[in-house]
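**Student:** The following comprises the amino acid sequence and a computationally predicted model.
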Amino acid sequence: MRKLLFENLFKSPLTEVRPASDLSMLAELASSLGLVARQKLGRSLSIREIDAGSCNGCELEIHALGNAFYDIERFGLRFVASPRHADVLLVTGPVTRNMREALERTYNATPAPKWVVAVGDCASDGGCFAGSYAVVGGVSEVVPVDLHIGGCPPSPEVLLKGLIALIEQTANGGHST
Amino acid sequence: MPDMIEALGGAAPVCSHLPWPRRIVDAETWSELAGHLAEGRWTLAGLWGDIGAVHMALLDARQGELAVATLECPAGQFPSIARHHAPAQRLERTVSDLFGLKAVDAPDDRNWLDHGRWLVRHPLGACSTAAGDGEPYAFLAAEGEGLHQIAVGPVHAGIIEPGHFRFTANGETIVRLEERLGYVHKGIESLMAGAPLERTARLAARTSGDSTVAYSIAYARAVEAALGLEIPARAHWLRALMAELERVANHLGDIGAVCNDAAFALMHAHTGVLRERVLRQSNASFGHRLMMDKVIPGGVAGDLDRPGIDGIRSLVATIRETFPRLIALYDNTASLQDRTVGTGTLTHALALQYGCGGYAGRASGRSFDVRRDFAYPPYDTLQFDVPLFQEGDVNARLWVRIREVEQSLGLIDQILDGIPSGETSVAVARAGEPREGVALVEGFRGDILCWLRLDPAGDVERCHLRDPSWFQWPLLEATIEGNIVADFPLCNKSFNCSYSGHDL
Ligand code: SF4
């Protein structure tokens, strides 16, 4: 193990340059977050991930944000284990009827100010599962959504762009819904 | 031992059912089959509902045979298989939830996927409306002095899928775990009913995202079997290439994740880098990081060009260079082994009884791999071993996966060396009559069954997808007994069952 650790001291890091935040997502945020500063959180957000019915593809790419290439924590973004510690809920999947209540309760357990990011095509309108007896629809059918990050699944780079846009807006004083 | 197909007797269905037979049996034969399953002669490979009938897939792993038995249920009921053979339990509960067909004398008649939240009852059968405001669920009791319960989920602490675990523990030691699943039930099979092939393919590809390639292959093979469609050789080879990349990516990610659940983050960091390299190369070679929708009925979408091949070769070289040092790291870290060795032991007997597929079965001495035992092209012409361990603990499940990464790299070499040139897909024509097809495919997690019936217009009338997790989830309950609560995440991750694939 020592050898492995030692070698890595001399390799250049794999971590890649920060992607620019996505302009269209910035625009969505500008309107949803508003202009009035309600609370300064600094440049750091705690994220709680909720799978509300996903196929697990979105989870794989959210996981990838933690690998050395994307290293999400350098942006002050951190995944936390409890909604009570979270500023942001990252919700995937079409919301299934069986998950609806769990999503609502998780949302209610998150202290304000809070932001909801709907990840993946399913989370925006139910995706290819829309219309099923077992599916409510997109996340905004159940809780208010501040930002949609599309894709099936969105790549880690796209996820990162969206989350950086969010952190920039909140640092500028955007308030949550 | 009686031949499985002979034992079925019965009548063949009106429409053709390929490549393995389907027989319509009477209630007596149906019950006899339960006896054969209970005695371990054959393996239960699936049990699912249809309009007014139940189907059961049986597997004879030694002979490489598969057959489907059908029992018509005009009275809305059928003799319970689970009464004699426990692995059928959750499948029968699901048939009841979705179709309203009742298993008579079933040992457990609680709902399974239906949590009382849908606005309908029996959505795939004789549908009726429901209030949808939820129903209490009676968890099984565990009684004794000093026992307490811990309820976990459906929302878990990590970035994982939702499900509920009810632990009964005595201090740190788990006395009983009961799973409650179904939270991510999306009604995939109802969305498929009546849908055109392309739409159904997209749904099949999203049954369990981590196995999207394997699901797409299973679905495509079932369609092709039904239609008697021969696809170009190159398409078979490209499918296998994608399937092996998917296997390697998942194994790498999970090997690290299991170590991470034992608080050994270094391994996770390194395998995470390798996994990311596989996904990036998959994107470069096939145009999608998870290769979603790249396998289609009739072949594959797109082709692999020279840079795509070269990239995969250098990816394989990188993994070969890095991976052995990570294996040594795992093998030489006593504090890590202390957590994995002897933890969460699945017995050989249970693995056999449940027909437990994939690394979970192979770590407990069940030597079964569809790529070898029901070899479909191109695996029938490729050389590979099926790694087998006997210990059945977290450590053994990790070793199977480590060895499988090595085997998959060997397969990728052979595929790149031997891939035939030519077309990558053929047009899919409708048959003009009802047709049925079935396929069994080895995903990274184990065998995936796909059964479907096409209508004369070529649309899907009924499609059933059975994830390997159906026969692994119940074993996690058995495996965890007597372990400590703190080892549950480790055990759970070492099985890594799919929630979405199971809940559908
Ligand atoms: S958006 Fe795609 S990857 Fe994400 S949950 Fe939906 S189907 Fe799966």
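**Tutor:** Right, received. Where do you want to start?
**Student:** Phi first, then psi, for residue B:466.
**Tutor:** Per-residue torsions, residue B:466: phi -110, psi 110 (degrees, to the nearest 10).
**Student:** residues in chain A within reach of the ligand, list them.
**Tutor:** A:54, A:55, A:57, A:58, A:92, A:93, A:120, A:121, A:122, A:127, A:152, A:153 (Cβ under 6 Å from any ligand atom). In this view, the C-beta of every residue, glycine as well, is placed from N, C-alpha and C.
**Student:** Dump those to TSV, plus secondary structure.
**Tutor:** Shown next, in TSV, are the residues of chain A next to the ligand (DSSP: H, G, I helix; E, B strand; the rest coil):
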residue	secondary structure
A:54	coil
A:55	coil
A:57	helix
A:58	helix
A:92	strand
A:93	coil
A:120	coil
A:121	helix
A:122	helix
A:127	helix
A:152	coil
A:153	coil
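**Student:** Most neighbours out of the residues you listed, which is it?
**Tutor:** The most crowded member of the residues of chain A next to the ligand, judged by other Cβ atoms under 10 Å in any protein chain shown, is residue A:55 (37 neighbours).
**Student:** what packs against the longest helix belonging to chain B?
**Tutor:** Ordering each helix of chain B by length in residues (DSSP state H) puts helix B:233-261 first. Under the contact definition 3 or more Cβ pairs under 8 Å, 6 or more residues apart in numbering or on different chains; DSSP states H and E, helix B:233-261 sits against helix B:212-227, helix B:265-286, strand B:299-300, helix B:306-332, helix B:394-418, strand B:435-443, helix B:488-495.
**Student:** now do 7 Å
**Tutor:** helix B:212-227, helix B:265-286, strand B:299-300, helix B:394-418, helix B:488-495 (3 or more Cβ pairs under 7 Å, 6 or more residues apart in numbering or on different chains; DSSP states H and E).
**Student:** tell me the angle it makes with helix B:265-286.
**Tutor:** In terms of direction (axes from the mean of the first three to the mean of the last three Cα atoms, to 10 degrees), helix B:233-261 departs from helix B:265-286 by 160 degrees.
**Student:** can you redo the helices and strands packed on helix B:233-261 as TSV with distance to residue B:67, mean neighbour count and mean pLDDT?
**Tutor:** Converted to TSV, the helices and strands packed on helix B:233-261 look like this (distance: least, Cβ to Cβ, whole Å; neighbours: other Cβ atoms under 10 Å in any protein chain shown; pLDDT from 0 to 100):
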stretch	distance to residue B:67	mean neighbour count	mean pLDDT
helix B:212-227	14	27	98
helix B:265-286	35	21	96
strand B:299-300	28	25	98
helix B:394-418	28	21	97
helix B:488-495	28	22	95
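**Student:** Relative to the ligand, which of these is closest?
**Tutor:** Nearest to the ligand, of all the helices and strands packed on helix B:233-261, is helix B:212-227, at 8.4 Å by Cβ to the nearest ligand atom.
**Student:** Could I get the helices and strands packed on helix B:233-261 in JSON lines, plus columns for distance to the ligand?
**Tutor:** Shown next, in JSON lines, are these (distance: least, Cβ to the nearest ligand atom, whole Å):
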{"stretch": "helix B:212-227", "distance to the ligand": "8"}
{"stretch": "helix B:265-286", "distance to the ligand": "13"}
{"stretch": "strand B:299-300", "distance to the ligand": "20"}
{"stretch": "helix B:394-418", "distance to the ligand": "23"}
{"stretch": "helix B:488-495", "distance to the ligand": "20"}
